[in-house]
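Participant: quick one: sequence plus predicted model below, questions after.
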Amino acid sequence: MDLRPATDQRDAGEHGDNTADGVVPAGRADRARAGDGGAPRWRERVTGGRSDFLRAAVTPRLIGLFVLLLAAAIVCVRLGAWQLDRAAIRGAAEAEQGHAERLAADPVPLEDVLRAQTSFTAEELGRSIEVTGTFVPDQQVLVPDRAVEGQDADLVVTALRLTQGPDAGAMLPVLRGWVPAEAITTDGGTAAPADAATAAILEVPVGERTVTGHLGGSEAAVAADYPDGMVGAISSAELANLWGGPSFSGYLVEFTQAPDGTRTASDGAGLPHAPPPGMAVDTGLNIQNLAYAVEWVVFGGFALFLWWRMVRDEVTYRREEAELA
């Protein structure tokens, strides 16, 4: 027999102390009713599968965070692209400055920069060098279809046989200068000066001489029929087959340097010098700006990763709460 007062018995019934008759405690009943201020509705939908991640991701709070972090990621990617552009611009500017410095530098011996039968690299392009040898009178060709100073021109390339240094005896093609295209005639299938003045400036210098100039990289040979005395490109390999080797993998763009160090526009015979070789097309990227670009992209990826971590943590929390419910 229950000896408690009737009031206590009623209180016990009201507060759910007696569960023998299947009466659910009031607190649990409230939590079990979704939307009545008890347990959230999502507890009923926790399955332990992938759908839990989708339900968690589409909650208003995580959607708002996704929009915010996505905007941050887009800003980071845009900043990375801007830094990449800056890397290209600064890389090109540095390459241009370096090329100009190589062109303006005092000549150094050829063997200090390039040796016969070795590969030509971007580091040698435009280097100012000096070399001693003799021009071979019957080893001179014209390269047509070029433009110099806004007019059609034929380049004048002559073989220089080195007489000093470790590569004595090797052949180095020398771009001595250029003449207007109309100054050359190809009547009879042979390239020849159109007048006596052109013939005079095309005469090959005789005797040993020290030649100064800029190094240029060998051009690709052109497979086409040209008149005798003409070739389609300044190709070291083609000229070596024509004149004999050993040879160099580049050629020399001659310039005339006065005793005071100034450089003249033509040689002593009046042959105009060709422009120095241009810098390489691939100028590279500025390393510092490239690193900044990579950092911004990483920051953008981290923003999205942070949102995914929030979704994963939310799913973990929900599953733990569902097990305790």
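Facilitator: Yes, it's here.

Participant: distance of residue 137 from residue 256?
Facilitator: Remark: distance between residue 137 and residue 256 (Cβ to Cβ, to the nearest Å) = 20 Å. In this view, the C-beta of every residue, glycine as well, is placed from N, C-alpha and C.

Participant: and the two? Which one has more around it.
Facilitator: Using other Cβ atoms under 10 Å, the more surrounded residue of residue 137 and residue 256 is residue 256, with 17 against 12.

Participant: report the contact partners of the residue nearest to the more buried one when sequence neighbours are not counted.
Facilitator: In space, and not counting its chain neighbours, residue 256 is closest to residue 264: 4.7 Å by Cβ to Cβ, 6 or more residues apart in numbering. By Cβ atoms under 8 Å, 6 or more residues apart in numbering, residue 264 lies in contact with 255, 256, 257, 258, 273.

Participant: same thing with residue 205?
Facilitator: 135, 269.

Participant: you'd agree it is in a helix?
Facilitator: No: assignment of residue 205 by DSSP: H, G, I helix; E, B strand; the rest coil gives coil, placing it outside any helix.

Participant: do you know the pLDDT at it?
Facilitator: What the model reports as pLDDT for residue 205 is 91.

Participant: equivalent analysis for the one 10 residues further on, please.
Facilitator: Predicted confidence (pLDDT) for residue 215: 92.

Participant: for it, phi and psi?
Facilitator: Phi and psi for residue 215, reported as degrees, to the nearest 10, are phi -80, psi 140.

Participant: was I right about it contacting residue 129?
Facilitator: Yes: at 6.0 Å, residue 215 counts as touching residue 129 under the criterion of Cβ atoms under 8 Å.

Participant: where does the chain dip in pLDDT?
Facilitator: Under the criterion pLDDT under 70, the flagged ranges of the chain are 1-49, 91-95, 279-290, 292, 324-325.

Participant: now the helices for it?
Facilitator: Taking DSSP state H as the criterion, the chain contains helices spanning 6-14, 26-32, 42-45, 51-57, 60-104, 196-202, 236-243, 287-324.

Participant: hang on, the earlier thing: nearest to residue 312 among the contacts of residue 264?
Facilitator: Set against residue 312, the nearest of the contacts of residue 264 by Cβ to Cβ is residue 255 (68.1 Å).

Participant: now the closest residue to residue 140 other than its chain neighbours: how far from residue 149?
Facilitator: Excluding the flanking residues, the one nearest residue 140 by Cβ to Cβ, 6+ apart is residue 158, at 4.4 Å. Distance, residue 158 to residue 149, using Cβ to Cβ: 21 Å.

Participant: neighbour-wise, which of those two wins?
Facilitator: Just comparing residue 158 and residue 149: by other Cβ under 10 Å the higher neighbour count belongs to residue 158, 22 against 10.

Participant: surely residue 203 meets residue 269?
Facilitator: Yes: if you go by Cβ under 8 Å, residue 203 and residue 269 touch, sitting 6.7 Å apart.

Participant: could you dump stretch 269-279 to CSV, C-alpha only?
Facilitator: Taking C-alpha atoms only, stretch 269-279 is exported to CSV below (Å, rounded to 0.1, in the frame of the first residue of the first chain):
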residue,chain,number,x,y,z
ALA,A,269,83.6,49.6,-95.9
GLY,A,270,80.2,51.2,-95.4
LEU,A,271,78.2,47.9,-94.9
PRO,A,272,75.3,48.7,-92.4
HIS,A,273,75.3,46.5,-89.4
ALA,A,274,72.2,44.4,-88.6
PRO,A,275,70.3,45.0,-85.4
PRO,A,276,71.3,42.9,-82.4
PRO,A,277,69.4,39.7,-81.7
GLY,A,278,66.2,40.1,-79.8
MET,A,279,65.6,38.5,-76.4
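
Participant: list the buried residues for that stretch?
Facilitator: 271, 272, 273, 274, 276, 277, 279 (16 or more other Cβ atoms under 10 Å).

Participant: next, the contact list for the third one, please.
Facilitator: Taking Cβ under 8 Å, 6+ apart as the contact definition, residue 273 lies against 176, 177, 178, 253, 254, 255, 256, 264, 265, 266, 267.

Participant: repeat that with 7 Å
Facilitator: 177, 254, 255, 256, 265, 266, 267 (Cβ atoms under 7 Å, 6 or more residues apart in numbering).
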